[in-house]
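Colleague: Sharing a model that was predicted from the sequence below.
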Amino acid sequence: MFMLVEINKEDIANRFMRYVQIDTQSDPKSGAHPSTEKQKNLSKILVEELKEIGIADAEMDVYGYVYATIPSNTEKNVPVICFCSHVDTAPDCSGTNVKPILHKNYKGEDIVLPDDPSQVLSPVVFPYLNIQIGGDIITASGNTLLGADDKSGVAAIMQAADFLMKNPSVKHGKIKILFTPDEEIGEGTAKLDIKKLAADFAYTLDGGEVGSLEDETFSADGATIVINGVISHPGYAKNKLVNALKVGAEILHALPTSEWSPETTEKKEGFVHPVRFEGIAERATLEFILRDFDDEKLKRHGFRLKEIAESVVNHYKGASMEFSIHEQYRNMKKILDQYPQVVEFASEAIKRAGLEVKTESIRGGTDGSRLSYMGLPCPNLFTGMQGIHSKLEWIGVKDMAKAAETIVHLCTIWEEKTDK
Ligand SMILES: [Zn+2]
């Protein structure tokens, strides 16, 4: 028999609503670390709160990373486990002046957000609302995102830390807490000091539906095609000029329309997706993202894109192209399969929290994909967040509390399963 852990729902709801009111939007165009200084406003509060609950070494570095350690309270030599969430919110939707609203005892009705009545949260669009009936949910007010991605993860980790510090009879090894900036702009691990963190395994809390456990992400590459046209005075250009912009447009037009794109694929299918097209008549640049769960297939997507582009450019005398591929991140599953206990223990923890485990693949990346390849195997756990990066973002309080309970169980399972 294992112990019962119960996280106070009101506490975690209040904590979460406090965090989401702090604007922590990241900025992909900044180039600085962190990309926006305001992310530190939340990180500083987290450090203070960690210290208040007795975690003495909590600190924030110049890049806005928060590191903290819950000391081991067991004789056993348990691997060091880290729990990680990101403090930033997505650049896609305003995060300024977020006004969280707690809807108590949700009954399955449509919720009209008061600051913009065109924003209606409905179980028709979010069937997941139906399993929240009888519980409390939190939404934004209509003008902003909520920031459940990923402040629900932050709140769950903080609440679990608070629980562990207040209940020393709950045995666990050394636990590391990590809060990162800039995950939403793909730079969550850019300035991470992995040596300082000194963890053996990690879990991000950055997932959706209650009970979900994600151990697989896309493998991701970026591709750049630079087209060199042939320039000539447009008044005297007949049979000479090749307009690089037109060649670029033709390449885009030559891409398949019924497959191979984000809008035509799902589940385990990969895709190629143009994300930027810019230039002048003389020279144009096309940027793409390439995604697949399988590294071999990902490589073939690159070859196929190059072939399509070449077949277009070759039609134009004097025009040329440069093609390059750069790696973005890799599927974490390859690494996690080498340490099956990391995912096994997470499944066990979810079950002990009274939930059904839903193992899923992420059609995207997480900080965990990068961490896994930095030597820190790191699957992703649910927090309950829904409708992320939008004004209709929401979360069930019960789900968030279950995420915190799962963290506590995970800590005890690692201790339990360690022999000495
Ligand atoms: Zn996130």
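Modeller: Cool, got the structure.
Colleague: so who does Gly364 touch?
Modeller: 217-218 (C-beta atoms under 8 Å, 6 or more residues apart in numbering). Glycine gets a C-beta too; all of them are placed from N, C-alpha and C.
Colleague: pretty sure Glu278 is in a strand, no?
Modeller: Yes. Under DSSP: H, G, I helix; E, B strand; the rest coil, Glu278 falls within a strand.
Colleague: Quick one: classify the residue nearest to it when sequence neighbours are not counted as helix, strand or coil.
Modeller: Among residues not flanking Glu278 along the chain, Thr285 sits closest, at 5.8 Å (C-beta to C-beta, 6 or more residues apart in numbering). Recorded secondary structure, Thr285: strand (three-state DSSP).
Colleague: and what of Asn41?
Modeller: Secondary structure, three-state DSSP: Asn41 is helix.
Colleague: One more: Gly153?
Modeller: Of the three states, Gly153 takes helix under three-state DSSP.
Colleague: List the buried residues in the host helix or strand of Val272.
Modeller: Following DSSP states H and E, one finds Val272 within strand 271-279. For strand 271-279, a neighbour-count test (16 or more other C-beta atoms under 10 Å) marks 271-272, 274, 277, 279 as buried.
Colleague: Pick the one among the residues you listed closest to the ion.
Modeller: If you rank the buried residues of strand 271-279 by distance to the ion using C-beta to the ion, Phe271 comes first, at 20.8 Å.
Colleague: Just grab the bridge partners of the residue nearest to Glu278 for me.
Modeller: Val226, Glu278 (DSSP bridges).
Colleague: The one 4 residues further on now?
Modeller: According to DSSP bridges, the partner residues bridging Ile289 are Gly222, His273.
Colleague: Neighbours of it, how many?
Modeller: Ile289: 17 surrounding residues under other C-beta atoms under 10 Å.
Colleague: follow-up on the earlier one: how near is the residue nearest to Glu278 to the ion?
Modeller: For Thr285, the distance to the ion (C-beta to the ion, to the nearest Å) stands at 29 Å.
Colleague: Begin at 22, not 1, for the rest of this chat.
Modeller: Understood, numbering begins at 22; the last thing we discussed is Thr306.
Colleague: That residue is in contact with Asn249, isn't it?
Modeller: No. If you go by C-beta atoms under 8 Å, Thr306 and Asn249 don't touch, sitting 10.5 Å apart.
Colleague: before we move on, the earlier item: can you show me the CA trace of the strand holding Val293 as CSV?
Modeller: C-alpha atoms of strand 292-300 as CSV (Å, rounded to 0.1, in the frame of the first residue of the first chain):
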residue,chain,number,x,y,z
PHE,A,292,5.7,17.5,-42.6
VAL,A,293,7.6,20.3,-44.3
HIS,A,294,6.3,23.8,-43.6
PRO,A,295,7.5,27.2,-45.0
VAL,A,296,7.7,29.7,-42.3
ARG,A,297,9.4,32.7,-43.9
PHE,A,298,9.8,34.1,-47.4
GLU,A,299,11.6,37.4,-48.0
GLY,A,300,13.9,39.1,-50.4
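Colleague: Let me see the mean pLDDT of that strand.
Modeller: Strand 292-300 shows a mean pLDDT of 96.
Colleague: ditto for stretch 426-441
Modeller: For stretch 426-441, the per-residue pLDDT averages 96.
Colleague: Buried residues in that stretch, which are they?
Modeller: Residues of stretch 426-441 classed as buried: 426-437 (neighbour count, 16+ other C-beta under 10 Å).
Colleague: ok, the residues you listed vs Ile178, which is closest?
Modeller: Ile428 (6.4 Å; C-beta to C-beta).
Colleague: hang on, the closest one packs against Met179?
Modeller: No. Ile428 is beyond contact range of Met179, at 10.1 Å (criterion: C-beta under 8 Å).
Colleague: And Ala265, what's its pLDDT?
Modeller: So Ala265 comes in at 98 (pLDDT).
Colleague: What parts of the stretch 22-171 of the chain come near the ion?
Modeller: When proximity is defined as C-beta under 5 Å from the ion, the stretch 22-171 of the chain approaches the ion at 170-171.
Colleague: So which residues of the stretch 22-171 of the chain form strands?
Modeller: Taking DSSP state E, counting those that start in this stretch, the strands of the stretch 22-171 of the chain run over residues 80-81, 87-91, 102-107, 122-124, 132-133, 141-142, 158-160.
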